[in-house]
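A.B. asks: how would this look folded up:
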Amino acid sequence: MNWISANKEAIGLWIGAICTLGLYSVLYKENKLYRLFEHIFLGLATGFGVAATWNEVLKPKWWEPIWVKGQWWWILTLVAGLLYYFIYSRKYNWLARAMIGFFLGVASGQSFQGFVNDLWPQIRTSFKPLIPHALIAKTADHPAIKAVTLPDAINNLIFMVTLLCVMSYFFFSFEQKHPVQKGMAKMGRWLMMFTFGAIFGSTIMARLALLIDRMDYLLNDFGPRIGGPVVMFGLLMALTVLLLVLVTAQKQQTDAETE
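C.D. replies: Next comes the predicted model:
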């Protein structure tokens, strides 16, 4: 125990490096080493979720109100929660379905509320001015209207054209035979492709940020522990070769068992 306490920082660096290399081994091929560390991380995430649920939800909002503040009626939520376990009973599983239906209704109401709160402001703000004008002062009849410059008007025009083209693509009430309608729908499809490409690019950037963070950990945090970046690079190459050998041996074993 004294040795662990004295070297806990180095042990933590080694564990982080081994876990990182084990998880990134999937870049070559899925293997048993990757699945081992995947299960380890899933177990850690599950344990963290259970601890967070108790410390941030159940303890402050259920346990303490009952036993510290004397709000005994919160015990009824335990009864409601236990009804879920009747799903394993063939005779009384209707009790579980009743609770599931109740909370599905609550979740549906919350989702609809979130849908309205999220989309209604977007609908309202989609009406943008297309003509440049100066600041319109506040009067008794209307609030103040901010000035619209020429670049603002051009941006608003591009926004409106994009909005109308994309909406025309999803308009299926009747067949689009007019050339203008077909052209707008085709332009809307292309504009959506540009958007999806931008979203995909941002996703790739997020993944690269994670990769850069792990590489920075290996080279700058873990690397000095084993002799610097050169030794770190050599170790990475050695581990890569070892991984290739293990995966190849596993594939040969699988092929032999199949034959």
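
A.B. asks: Just the element for the residue nearest the centre of the chain, please.
C.D. replies: Against the mean C-alpha coordinate of the chain, by C-alpha atoms, centre = their mean, the closest residue is Thr203 at 10.3 Å. Thr203 is part of helix 179-216 when elements are defined by DSSP states H and E.

A.B. asks: Who are the packing partners of that helix?
C.D. replies: helix 150-169 (3 or more C-beta pairs under 8 Å, 6 or more residues apart in numbering; DSSP states H and E). To be clear about C-beta, it is placed using only N, CA and C from the backbone, and glycine gets the same treatment.

A.B. asks: State the number of residues packed around the closest residue to Thr20 other than its chain neighbours.
C.D. replies: Counting by C-beta to C-beta, 6 or more residues apart in numbering, Arg214 is the residue found nearest to Thr20 once chain neighbours are left out, at 5.0 Å. As a burial measure, Arg214 scores 17 neighbours (other C-beta atoms under 10 Å).

A.B. asks: pLDDT weak spots in the stretch 151-259 of the chain?
C.D. replies: 226-232, 235-236, 238-240, 242-243, 246-247, 250-251, 254, 257, 259 (pLDDT under 70).

A.B. asks: what do you get for the stretch 1-150 of the chain?
C.D. replies: In the stretch 1-150 of the chain, residues with pLDDT under 70: 1.

A.B. asks: again, only this time at 80
C.D. replies: 1-12, 21, 24-31, 136-145 (pLDDT under 80).

A.B. asks: residues in contact with the residue nearest to the centre of the chain?
C.D. replies: For Thr203, no contacting residues are found, by C-beta atoms under 8 Å, 6 or more residues apart in numbering.

A.B. asks: Give me the distance between it and Pro224.
C.D. replies: 33 Å (C-beta to C-beta, to the nearest Å).

A.B. asks: and if you look at Phe159?
C.D. replies: Counting by C-beta to C-beta, the gap from Phe159 to Pro224 is 51 Å.

A.B. asks: Could you do His142 as well?
C.D. replies: In terms of C-beta to C-beta, His142 sits 66 Å off from Pro224.

A.B. asks: neighbour-wise, which of these two wins?
C.D. replies: Pro224 (13 against 9).

A.B. asks: which non-adjacent residue is nearest Arg97?
C.D. replies: Nearest one to Arg97, counting by C-beta to C-beta, 6+ apart, is Ile87 at 7.7 Å.

A.B. asks: list the contacts for the residue lying closest to Ile66 once chain neighbours are set aside?
C.D. replies: Spatially, and ignoring its direct neighbours in sequence, Ile66 is nearest to Trp74 (5.0 Å; C-beta to C-beta, 6+ apart). Contact partners of Trp74, counting by C-beta under 8 Å, 6+ apart, are Trp62, Pro65, Ile66.

A.B. asks: Surely Trp74 is in a helix?
C.D. replies: Yes. Checked against DSSP: H, G, I helix; E, B strand; the rest coil, Trp74 lies within a helix.

A.B. asks: Which elements pack onto the helix or strand Leu44 falls within?
C.D. replies: According to DSSP H and E, Leu44 maps onto helix 32-53. Judged by 3+ C-beta pairs under 8 Å, 6+ apart, the packing partners of helix 32-53 are helix 8-24, helix 229-258.

A.B. asks: thinking again about what came up before, possible to save the contacts of Trp74 as JSON lines with neighbour count, secondary structure and distance to Pro121?
C.D. replies: Converted to JSON lines, these look like this (neighbours: other C-beta atoms under 10 Å; DSSP: H, G, I helix; E, B strand; the rest coil; distance: C-beta to C-beta, whole Å):
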{"residue": "Trp62", "neighbour count": "17", "secondary structure": "helix", "distance to Pro121": "34"}
{"residue": "Pro65", "neighbour count": "16", "secondary structure": "helix", "distance to Pro121": "35"}
{"residue": "Ile66", "neighbour count": "15", "secondary structure": "helix", "distance to Pro121": "40"}
